[in-house]
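Enquirer: The sequence and its predicted three-dimensional model are supplied below.
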Amino acid sequence: MSLWIRLANESASRCHTSATRDIKTVASRYEHEGFSFLTITLPQFGKDFQKSLESGEVDRSLFTSTKWRAGLPAFLGGFLDRVFDRSSGTLLDQPDVDAILAVRQLTLMFDKVLLETTVRRQRKAMSGFIQCEQDVRSHDALLTDLDRSDFKRVSSLLFGEMFTNLDWKVFDRELSPKHGPGATADRIRGNGKYKQKTWTHRLQQILPWEEMLAVNSSFFGELAGVDILEPGAEIPVKVISVPKTLKTPRIIAVEPTAMQYAQQAILQAILEEIRSNDTLRLFLDTKSQTPNQRMALRGSRYGKLATLDLSEASDRVSNQLVREMLLDYPHLHAAVDACRSRKADVPGFGVVRLAKFASMGSALCFPFEAMVFLTIILLGIERASNVPLDPARLSYLVGKVRVYGDDIIVPVDYVSSVVETLETFGSKVNLGKSFWTGRFRESCGREYYAGEDVSIVRVRRVFPTQLKHATEIISMVSLRNQLYHAGYWETVKWLDEKVRGVIKYFPVVLPTSPVLGRHSFLGYKPERVGVALQNPIVKGYRVSSTIPLDVLEGHGALLKFFLKRGGLPSVDERHLERAGRPHAVDIKLGWASAV
């Protein structure tokens with residue numbers, strides 16, 4: 001509440017208005033409704049505000065959680081008056097961009113605080129996962145032969161060359177697998193993954209364990225006990241919920257070790273092909289969000305590009321569509337299908353067979369959802385323009401269409417057809433976060449209005465009260481520095497005192513410093529000169545984490561060496577002694593570089 005009050009007053013000062021009544025309203029409702037008012041009710045107000053920017057007027061069906069005064073909500077009225085006309089509720093010809101930013105900052109800043117939601121909401125999320133499966137099957141059944149043939153044709157035009165190259169790589173056994181640091185459904189962690197002796201019959205048909213798990217044939221004896229699981233005995237993915245917002249958790253699926261290992265091999269080959277393809281890398285990306293953000297900025301400035309967002313994006317990508325894409329590439333098709341988990345263990349529902357291609361957690365989820373969405377988008381454009389897609393037409397669309405996961409940019413002229421086609425193929429367009437008629441655009445974490453950046457700073461964790469709350473301290477320092485760079489300097493002064501109430505040492509450092517410190521446009525303030533490097537150093541807290549002890553020897557150590565990518569020595573010279581994700585994060589006081 002103290003943070004909200006200070007931001008409200010500072011925002012009001014920027015916009016030459018008053019937030020006194022708004023502060024009283026929030027204080028009263030927070031007292032009666034608790035933290036959910038900040039994390040659920042206020043964010044809904046912010047989303048209704050964005051819809052109003054999109055439509056150009058304030059609809060009476062929106063803003064149901066607040067009283068009205070004339071044609072606008074009474075809450076945050078001083079800011080809204082600088083954006084909309086109070087008598088008619090229509091958007092002003094020249095709305096105040098600072099007021100737009102203020103309303104968004106004050107209503108949406110708490111909507112993504114990482115908190116455990118209630119058991120009831122977790123159960124509802126799991127029910128939603130099951131319902132999504134049923135929806136995927138329903139849409140599969142409704143697709144016509146024309147839909148399928150059009151999808152396959154456009155997919156071949158886009159990805160034919162890439163899929164052909166990948167097909168040869170699978171055939172020639174040129175794939176290089178990799179273990180990740182995350183959890184697995186069979187609970188194998190860290191270096192233990194290099195000693196796995198479980199494979200599946202489906203993987204064995206196309207990616208045999210003799211080539212994927214053994215350094216060479218001389219080690220076959222050590223791996224003689226590899227357990228080849230028949231399809232019915234395969235370990236299902238483990239569906240879990242992780243904190244996202246207080247309103248709803250994020251649902252992800254934890255893959256078995258063998259599947260994750262094989263998926264990484266195909267993923268690496270896909271990424272290499274996309275980066276080397278002059279056409280594809282201009283339409284989709286799996287690494288950088290910047291191109292999408294730049295196009296969203298252009299869309300807000302000139303109004304010719306729309307930003308679309310999809311709900312439950314990965315969970316609504318049908319496996320049948322992926323199979324359709326890969327049907328003419330038998331080796332690639334077999335490899336992708338072999339490393340796809342077919343069943344999921346869903347809390348409260350048991351083991352269910354999956355109709356989706358993959359959930360978040362699969363290494364192939366992100367690239368394949370992007371490829372499926374790009375195919376459907378271009379098919380929608382083709383249907384709207386009545387001009388068959390060809391290489392020349394694709395070149396024309398460069399800079400007008402781009403996909404990053406479920407963040408989509410398309411020309412405004414084709415929005416209706418693209419949305420209709422996406423929904424025909426089972427996707428669910430989130431109209432509350434999709435924009436094309438007004439001058440507001442949102443993509444990949446950045447928001448713009450009329451060419452101005454109106455992105456906000458979000459609170460990710462509750463504030464710490466003790467030094468042992470390391471994760472919360474790290475988050476609070478990050479929040480302080482983000483607010484500083486956003487220009488909320490009065491709020492930052494107050495926040496500095498809150499931080500000092502938990503950690504005694506809080507020096508001024510550059511953003512590149514490893515020390516948890518204050519960023520400043522005036523530079524850093526050294527306290528000493530380092531003896532060894534003669535560099536400016538300060539006393540402060542550094543993030544510290546201990547990687548679990550996990551000794552790897554023999555064949556497993558050799559396999560880890562040969563699977564290493566990049567040709568450089570491991571950053572951690574003790575990687576054969578310790579591996580995996582740290583169980584906890586800590587902060588330690590000491591002297592370190594200020595730059």
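Expert: Cool, the structure landed.
Enquirer: Give me the phi and psi angles of V410.
Expert: According to degrees, to the nearest 10, the main-chain angles of V410 amount to phi -140, psi 160.
Enquirer: Determine the longest helix present in the protein.
Expert: Using DSSP state H to define each element, the chain has its longest helix at helix 145-171.
Enquirer: measure R14 to G46 for me?
Expert: R14 is 18 Å from G46, where distance means Cβ to Cβ, to the nearest Å. Quick note: C-beta positions are derived from backbone N, CA and C, even for glycine.
Enquirer: Pick out whichever of those two has more residues nearby.
Expert: Shown here are R14 and G46; by other Cβ atoms under 10 Å, G46 has more neighbours (20 against 16).
Enquirer: How about A183, nearest residue that isn't a chain neighbour?
Expert: V254 (5.4 Å; Cβ to Cβ, 6 or more residues apart in numbering).
Enquirer: so what's that neighbour bridging to?
Expert: V254 forms beta bridges with K238, as assigned by DSSP bridges.
Enquirer: shouldn't it be in contact with G361?
Expert: Yes. Applying Cβ atoms under 8 Å as the test, V254 and G361 come out as touching, 5.6 Å apart.
Enquirer: The longest helix of the chain: what's the following helix or strand?
Expert: The first helix or strand that comes after helix 145-171 along the chain, using DSSP states H and E, is strand 198-200.
Enquirer: how about the strands in the stretch 401-550 of the chain?
Expert: Here the stretch 401-550 of the chain has its strands, by DSSP state E, counting those that start in this stretch, at 402-404, 407-411, 428-429, 440-443, 446-449, 452-453, 528-529, 536-545.
Enquirer: Just put the ones you listed in CSV and tack on mean pLDDT and mean neighbour count.
Expert: Compiled in CSV, the strands of the stretch 401-550 of the chain are given as follows (pLDDT from 0 to 100; neighbours: other Cβ atoms under 10 Å):
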stretch, mean pLDDT, mean neighbour count
strand 402-404, 95, 24
strand 407-411, 96, 25
strand 428-429, 94, 18
strand 440-443, 96, 26
strand 446-449, 96, 22
strand 452-453, 96, 14
strand 528-529, 92, 11
strand 536-545, 94, 19
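Enquirer: Quick one: closest of those strands to N386.
Expert: strand 407-411 (15.2 Å; Cβ to Cβ).
Enquirer: Pull up the pairing partners for that closest one, direction included.
Expert: The pairing partners recorded for strand 407-411 under DSSP bridges are strand 305-311 (antiparallel), strand 402-404 (antiparallel).
Enquirer: Go through these and pick out the most buried.
Expert: Stretch with highest mean neighbour count among these: strand 402-404 (a mean of 24; mean count of other Cβ atoms under 10 Å).
Enquirer: Need the residues that contact the helix or strand hosting P291.
Expert: Using DSSP H and E, P291 sits in helix 290-302. The contact list for helix 290-302, computed with Cβ atoms under 8 Å, 6 or more residues apart in numbering, reads 285, 304-307, 399, 402, 404, 407, 409, 412, 435, 439-453.
Enquirer: okay, that helix in PDB with CA atoms only?
Expert: Below are the C-alpha coordinates for helix 290-302, written out as PDB (Å, rounded to 0.1, in the frame of the first residue of the first chain):
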ATOM      1  CA  THR A 290      13.300  -7.300 -29.800                       C
ATOM      2  CA  PRO A 291      12.000  -7.600 -33.500                       C
ATOM      3  CA  ASN A 292       8.500  -8.100 -32.200                       C
ATOM      4  CA  GLN A 293       8.800  -5.100 -29.800                       C
ATOM      5  CA  ARG A 294      10.000  -2.900 -32.600                       C
ATOM      6  CA  MET A 295       7.100  -3.900 -34.900                       C
ATOM      7  CA  ALA A 296       4.700  -3.300 -32.000                       C
ATOM      8  CA  LEU A 297       6.100   0.200 -31.700                       C
ATOM      9  CA  ARG A 298       5.600   0.800 -35.400                       C
ATOM     10  CA  GLY A 299       2.100  -0.600 -35.100                       C
ATOM     11  CA  SER A 300       1.200   1.900 -32.400                       C
ATOM     12  CA  ARG A 301       2.700   4.800 -34.300                       C
ATOM     13  CA  TYR A 302       1.300   4.200 -37.800                       C
END
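Enquirer: quick one: that helix to strand 407-411, angle?
Expert: Per axes from the mean of the first three to the mean of the last three Cα atoms, to 10 degrees, the angle that helix 290-302 makes with strand 407-411 is 40 degrees.
Enquirer: before we move on, the earlier item: indicate which one of the strands of the stretch 401-550 of the chain is closest to D227.
Expert: strand 536-545 (33.8 Å).
Enquirer: how far does the closest one sit from the chain's center?
Expert: Its chain's average C-alpha position is 29 Å from that of strand 536-545, according to Cα atoms, centre = their mean, to the nearest Å.
Enquirer: same question, stretch 422-440
Expert: On the basis of Cα atoms, centre = their mean, stretch 422-440 is displaced by 18 Å from the centre of the chain it belongs to.
Enquirer: Would you mind measuring from the nearest residue to E423 once chain neighbours are set aside to D48?
Expert: Distance criterion Cβ to Cβ, 6+ apart; nearest residue to E423, sequence neighbours excluded, is V429 at 6.4 Å. As judged by Cβ to Cβ, V429 and D48 stand 18 Å apart.
Enquirer: related to what we said a few turns ago, can I get the strands of the stretch 401-550 of the chain in TSV with distance to L321?
Expert: Shown next, in TSV, are the strands of the stretch 401-550 of the chain (distance: least, Cβ to Cβ, whole Å):
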stretch	distance to L321
strand 402-404	15
strand 407-411	16
strand 428-429	15
strand 440-443	24
strand 446-449	29
strand 452-453	36
strand 528-529	61
strand 536-545	41
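Enquirer: of all those, which lies closest to G190?
Expert: Checking the strands of the stretch 401-550 of the chain against G190 by Cβ to Cβ gives strand 536-545 as the closest, at 13.8 Å.
Enquirer: Give me the pLDDT for L326.
Expert: Note for L326: predicted pLDDT of 97.
Enquirer: Tell me, how many residues neighbour it?
Expert: Neighbours of L326 (other Cβ under 10 Å): 23.
Enquirer: Equivalent analysis for S11, please.
Expert: Residues near S11, counting by other Cβ under 10 Å, number 24.
Enquirer: which residue ranges form the helices in the stretch 251-400 of the chain?
Expert: Assigned by DSSP state H, counting those that start in this stretch, the helices in the stretch 251-400 of the chain fall at 257-276, 290-302, 319-326, 330-338, 365-385, 391-397.
Enquirer: Of all the residues in the third one, which ones are buried?
Expert: For helix 319-326, burial by neighbour count (16 or more other Cβ atoms under 10 Å) applies to N319, Q320, L321, V322, E324, M325, L326.
Enquirer: what's it packed up against?
Expert: If you count contacts as 3 or more Cβ pairs under 8 Å, 6 or more residues apart in numbering; DSSP states H and E, helix 319-326 packs onto helix 145-171, helix 330-338, helix 365-385.
Enquirer: repeat for the fourth one
Expert: With contacts defined as 3+ Cβ pairs under 8 Å, 6+ apart, the packing partners of helix 330-338 are helix 145-171, helix 201-206, helix 257-276, helix 319-326.
Enquirer: before we move on, what about the last one?
Expert: Of the remaining helices and strands, those touching helix 391-397 by 3+ Cβ pairs under 8 Å, 6+ apart are helix 145-171, helix 365-385.
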